[in-house]
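Q: After the sequence you'll find the predicted model.
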Amino acid sequence: MKLSTIAKLCCPFDKQDLQLKILAQDLDQNVIEGLLSCTTCRRQYPIIYGVPIMAPDEYRQLPLEQPVVSRWRLEYNIDPIKLLPDAV
Ligand SMILES: [Zn+2]
């Protein structure tokens, strides 16, 4: 997904701005892997294969997201990542 498109995204939970951490980009500056973080509710939305995973909590499939995040922990030394805040 293009950086300029990602910049327009907001948190689906509270509509606040998201911070982007880019983990992998292709030659056209598309973000292939990354992590969007909401500074307000502290939810984290991974970008996997260029697609931001931004479904509401009840539609998140954390068992599918977690293996990717676990790999990032090894590759990019991001530690620890919680995809959803504790109080969900
Ligand atoms: Zn939020």
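A: The structure has been received and is ready for your questions. Residues are numbered from 1 along each chain as shown.
Q: before we move on, could you check phi and psi at the residue sitting furthest away from the middle of the chain?
A: Note on the chain: the largest separation between a C-alpha and the mean C-alpha position, by C-alpha atoms, centre = their mean, falls on residue 27 (20.4 Å). For residue 27, the backbone dihedrals are phi -70, psi -20 (criterion: degrees, to the nearest 10).
Q: And it, how far from residue 72?
A: 21 Å (C-beta to C-beta, to the nearest Å). For every residue, glycine as well, the C-beta is placed using N, CA and C.
Q: What mean pLDDT does stretch 74-82 get?
A: In this model, stretch 74-82 has an average pLDDT of 83.
Q: er, stretch 39-51 I mean
A: Stretch 39-51 shows a mean pLDDT of 94.
Q: How about stretch 16-27?
A: When the per-residue pLDDT values of stretch 16-27 are averaged, the result is 95.
Q: what's the longest helix in the protein?
A: Once the chain is assigned using DSSP state H, the helix that runs over the most residues is helix 62-76.
Q: so what secondary structure elements neighbour that one?
A: Helices and strands touching helix 62-76, by 3 or more C-beta pairs under 8 Å, 6 or more residues apart in numbering; DSSP states H and E, are strand 18-25, strand 31-38, strand 44-48.
Q: In TSV: the ones you listed, plus distance to the ion and mean neighbour count.
A: Below are the helices and strands packed on helix 62-76 laid out as TSV (distance: least, C-beta to the ion, whole Å; neighbours: other C-beta atoms under 10 Å):
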stretch	distance to the ion	mean neighbour count
strand 18-25	8	15
strand 31-38	3	20
strand 44-48	9	21
